[in-house]
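# What follows is a predicted structure for the sequence shown.
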Amino acid sequence: MESNPSPNYRAVLIGIDDYPQRPLSGCVNDIDQIERILLDRLQVPAGRITRFAAPRAGAASSTRLPSSLSPTRDELRNFLHRLAEEVGPDDVVFLYYSGHGSQVMTRWNGHVIAREALVPLDFWNDGESQRLLYDFELNGLFARIAEKAGDLTVVLDCCHSASAVRGDGERYLEIPGIQDLSSNPPTEALTRDASGLLSAAIPMLVAACTAIEKAFEVGGDSQPHQGAFSYSLVRTLDAIDKPLPDLRWGDIWIPLVDRISNLRVWQHPQIVGNSARRLFGGPWTPRDLGYVIRQDGERFRVEAGTLTSVSEGAELAVYGPEPGLFPPLDTDADRAARIGLVRVDKADRSYCAAVSANGALRLPEGARARLVKPGLPDRLVVSLEPFDPALAAGLEARGIAAVRPGSPGIEACVRRENGLLYLGDEIYGDGSDPGRSPLVSFPAGDLGLAEAVLGHYARYRQTLRLPLRCRDLNGALRIELLDCGSRPVLSPEDLQAPSFPQLPFDPPWRYKVREGEGFALRIDNTAEDTLSVFVLNCAGSGRVEYLGDAEVPAGSLHILWCDGNLGNPFYPAVGADRKEIVDRIVVVGTTLPDRNLRYLQVAESFADVLLRYRISAPKDALSRALEATPVEKWTAEMVTLRIYK
């Protein structure tokens, strides 16, 4: 029994086994187990749990709730509408669905388009369009609930795409033909949702598999059937003896993924949202993800490799689940927060192996790592003009090689003039050319400040290196930035493959756009493999922004809109202190279905680094600063965008 009372939960459990076609066996068992955890571990009152269940005839159930509702389309739809009206800011909504999912071809307003859907019990409608709960309808309802409730978490133990081959025991139901939506047309606003069932409109959504995989059932013989995801989730939670209301998804993600892998199913769960959110919802605080690190006996496995500048000889600081946000690197607070240091002794492109560098180390739940010193192949090489031996020695301690101008391998340059240091690279200048502004300028004379700025640039540079390192499928991704400034009025279907012109070309940069004018990003996958695609923006401010991701089937295209909302462009900005900047958009594709490049995000700008240093620096420095597994293939492309006022 948990010692802490739970928040004001509104739990919704949906389990459907008794389909008229392709029935399942473990979905009601799934929600029985989640119900047990809600009642016993989180102390949720039975009256705060609504259960929709359709067990197969004669199947046993362990439910302790007095009644269950029938999970028909209208019952589910009407309930969600009522819930959207009833919830308030004190309610924490947790919805768990276990059943079939599908991808369906639909016709509306003269257009045929693929939509994702959950499959209710009474989906079959002989000779008519099938009764389904489509992504655009569900996401609209979830958005309404999220707007009014204190929090919303949705868990889907089902398939949600048609891009995988199906077989027995998989939670995907093929809906043949084209479903006509004209008799029940979606609203204009809801059809602008291009995200499928994995919508960014939901604060926290967890799916049992990626879009190119299957969600399996396991069990049989003497073992009850369950979804592989649900089975692993329940056993992971049963093995944890601390209060569940405080548990975060990031705390259990590694053991959860490992349990699924041990079932010998090719299935990788995914999160849409922040893993710092609580497992069952409720108040939360942001946290840095860091690298995923696992214990392997006396050794460690880290889910980052040479593609992202983690190579042999690199040193990684290891932290527990706290503090949520990493302290500034190499400060007293940072060293106090570390639980250990590991050194990489073997690295491939997306993983590395490491050993402890400072004694025995046992990883707690929720452990994370971050790079504190790169290996020799990944050291940032910076030219100093004029060469400053003292600054060079300080940078060397950070794993940054300072060299004289003209040396080979230079990635950035620092030039001193009139009491200031100017940082530039292949895009930005070093202050000597009025036509090429620097990335940042800052007072010279404070070695600690210079080391902090260049340490920040070294993290920023990790993403910029990807186009040179991801060349297995060279040219497989074609990237265009589409001009949304004067687009015609188009239907939502047209917006999924718009014929917009590209942004104006702007040699030597690729494109240019005026501040406040919007664009969408078109991604064409010309490879013979489905690619998991990630889009990051190395902004002129010094931040690395995560713009989104998508599964792009072979030979197809995807239009990336801001926050997954169809027709919602990206609107770049310059900032108050500049007339123009150049952003570098990096698009990475891989055949691996379980990668996540969110750890490449850099939330701080150069201005943030300068401000933080001034606040935290010693007094004398402050005054000076103020005065002075399938086959692994990768591909990546970079697009430069000049943003001007």
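Thanks, I have it.
# and Asp122, that one's in a strand?
No: per DSSP: H, G, I helix; E, B strand; the rest coil, Asp122 lies outside any strand segment and is coil.
# which residues touch it?
Residues in contact with Asp122 (CB atoms under 8 Å, 6 or more residues apart in numbering) are 72-73, 131. Placement of C-beta: from N, CA and C, glycine included.
# Same check on Tyr351?
Contacts of Tyr351 by CB under 8 Å, 6+ apart are 301-305.
# Can you select the buried ones from those residues in ChimeraX?
Filtering the contacts of Tyr351 down to the buried ones (16 or more other CB atoms under 10 Å) takes a single ChimeraX command:
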select :302,303,304,305
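# if you look at the contacts of Tyr351, which of them are in strands?
301-302 (DSSP state E).
# Let me know the closest of the contacts of Tyr351 to Phe142.
Glu303 (29.7 Å; CB to CB).
# Who is the residue lying closest to that closest one once chain neighbours are set aside paired with across the strands?
Leaving aside its chain neighbours, Glu303 sits nearest to Val292 (4.1 Å; criterion: CB to CB, 6 or more residues apart in numbering). Beta-bridge partners recorded for Val292 (DSSP bridges): Arg368.
# Per-residue pLDDT of Val292, please?
We have a pLDDT of 89 for Val292.
# shouldn't it be in contact with Phe300?
No: Val292 lies out of contact with Phe300 (CB atoms under 8 Å); the separation is 10.6 Å.
# between the two, which one's more packed in?
Phe300 (24 against 19; other CB atoms under 10 Å).
# Show me what Arg416 is bridged to.
Counting by DSSP bridges, the residues bridging with Arg416 are Leu421.
# looking at it, it is touching Ala444, isn't it?
Yes: contact criterion CB under 8 Å: Arg416 and Ala444 qualify, at 5.2 Å.
# for the record, mean pLDDT for stretch 150-165?
Here stretch 150-165 scores 75 as its mean pLDDT.
# Ok, stretch 401-419 next?
95.
# Mind listing what's buried along it?
For stretch 401-419, by 16+ other CB under 10 Å, it's 401-403, 410-416.
# now the end-to-end length of that stretch.
23 Å (CA to CA, to the nearest Å).
# Could you report the neighbour count for Val87?
21.
# Contacts only, for Val12.
So Val12 contacts 49-50, 52, 79, 83, 93-96 (CB under 8 Å, 6+ apart).
# any idea which of the residues you listed has the most stuff around it?
Ranking these using other CB under 10 Å puts Phe94 first, with 27 neighbours.
# C-alpha coordinates for the helix or strand encompassing that residue, PDB please?
Taking DSSP states H and E as the criterion, Phe94 maps to strand 92-98. The C-alpha atoms that make up strand 92-98 are tabulated as PDB, following Å, rounded to 0.1, in the frame of the first residue of the first chain:
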ATOM      1  CA  VAL A  92      -5.700  14.500 -13.300                       C
ATOM      2  CA  VAL A  93      -7.000  12.400 -16.300                       C
ATOM      3  CA  PHE A  94      -5.400   9.100 -17.100                       C
ATOM      4  CA  LEU A  95      -6.700   7.100 -20.100                       C
ATOM      5  CA  TYR A  96      -5.500   3.600 -20.900                       C
ATOM      6  CA  TYR A  97      -6.500   1.900 -24.200                       C
ATOM      7  CA  SER A  98      -5.900  -1.700 -25.000                       C
END
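# Alright, calling it a day.
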